[in-house]
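Novice: Dropping a prediction and its sequence here:
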Amino acid sequence: MGYSAKAVANYFLTKYRKHGITPLKIQKLVYLAHGWNFAYNDDPLIEDEYAEAWQYGPVFPSLYHEFKHRGRLPIIEPATEINVENLFSEDTNIKFEIPEIPDTKTQKFLDKIWEVYGNWSGSQLSELTHRDGTPWKETIQEHGAKTNANIDDKKIYKFYRNRITQKKD
């Protein structure tokens, strides 16, 4: 079962916010969690949008727009989603919801991602995702640095699956 990028970000923010997670760092943590989950479980973690190859790395647009007002400052509030019911009726109901990860298996997986990458800065994580051969780098080379092209999930799966295979050899 996949989740929204905001739900994954909120898990990290709720549990590890005291560590000062910046918008850059949350982008990279969510991207890495998506890649590793895909490789280990043969299923994408993020189901509501694609990561895009932006000039400065992989970005989930919903997270960018949610947290861009923080600049380089740590995020202090969780991401929200707007849920509109009965839009074109007199009973229109608008709710702001905080997306969450309810299942413990995924929570434990995200804790492992934090265990590995939590002490890395946003810049260090960005450098990791920019290396030659990464899905971001390949997409940038194919489409150019300013197109914000979707990073194909097949590339993400293949890259992280190969990393698992290499570790076993």
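Specialist: On my side now, so go ahead.
Novice: secondary structure class for the most centrally placed residue in the chain?
Specialist: Residue closest to the average C-alpha location in the chain (Cα atoms, centre = their mean): Val30, at 2.5 Å. The three-state assignment at Val30 reads helix, by DSSP: H, G, I helix; E, B strand; the rest coil.
Novice: show me the contacts for it.
Specialist: Contact analysis of Val30 by Cβ atoms under 8 Å, 6 or more residues apart in numbering lists 5, 8-9, 12, 46, 60, 63. All C-beta atoms are positioned from the backbone trio N, CA, C, and that covers glycine.
Novice: Throw those into TSV and include secondary structure, thanks.
Specialist: Converted to TSV, the contacts of Val30 look like this (three-state DSSP):
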residue	secondary structure
Ala5	helix
Val8	helix
Ala9	helix
Phe12	helix
Ile46	strand
Phe60	coil
Leu63	helix
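Novice: ok, the residue lying closest to Lys95 once chain neighbours are set aside - how many residues close by?
Specialist: Sequence neighbours aside, Asn83 is the residue nearest to Lys95 in space, at 4.6 Å (criterion: Cβ to Cβ, 6 or more residues apart in numbering). Neighbourhood size, Asn83 [other Cβ atoms under 10 Å]: 10.
Novice: hang on, Asn83 packs against Pro99?
Specialist: No - applying Cβ atoms under 8 Å, one finds Asn83 not in contact with Pro99, separated by 10.1 Å.
Novice: which residues touch the residue nearest to Lys95?
Specialist: 94-97.
Novice: re earlier: only whichever of the contacts of Val30 are buried, select them in ChimeraX.
Specialist: Command for ChimeraX that selects the buried part of those, burial taken from 16 or more other Cβ atoms under 10 Å:
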select :5,8,9,12,46,60,63
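Novice: now the contacts of Val30 as JSON lines including pLDDT?
Specialist: Output for the contacts of Val30, formatted as JSON lines (pLDDT from 0 to 100):
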{"residue": "Ala5", "pLDDT": "98"}
{"residue": "Val8", "pLDDT": "98"}
{"residue": "Ala9", "pLDDT": "98"}
{"residue": "Phe12", "pLDDT": "98"}
{"residue": "Ile46", "pLDDT": "97"}
{"residue": "Phe60", "pLDDT": "98"}
{"residue": "Leu63", "pLDDT": "97"}
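Novice: just to revisit the earlier point, if I look at the residue nearest to the centre of the chain, how far off is Pro58?
Specialist: Distance, Val30 to Pro58, by Cβ to Cβ, to the nearest Å: 9 Å.
Novice: Low-confidence stretches in this protein?
Specialist: For the chain, applying pLDDT under 70 flags the ranges 145-146, 167-169.
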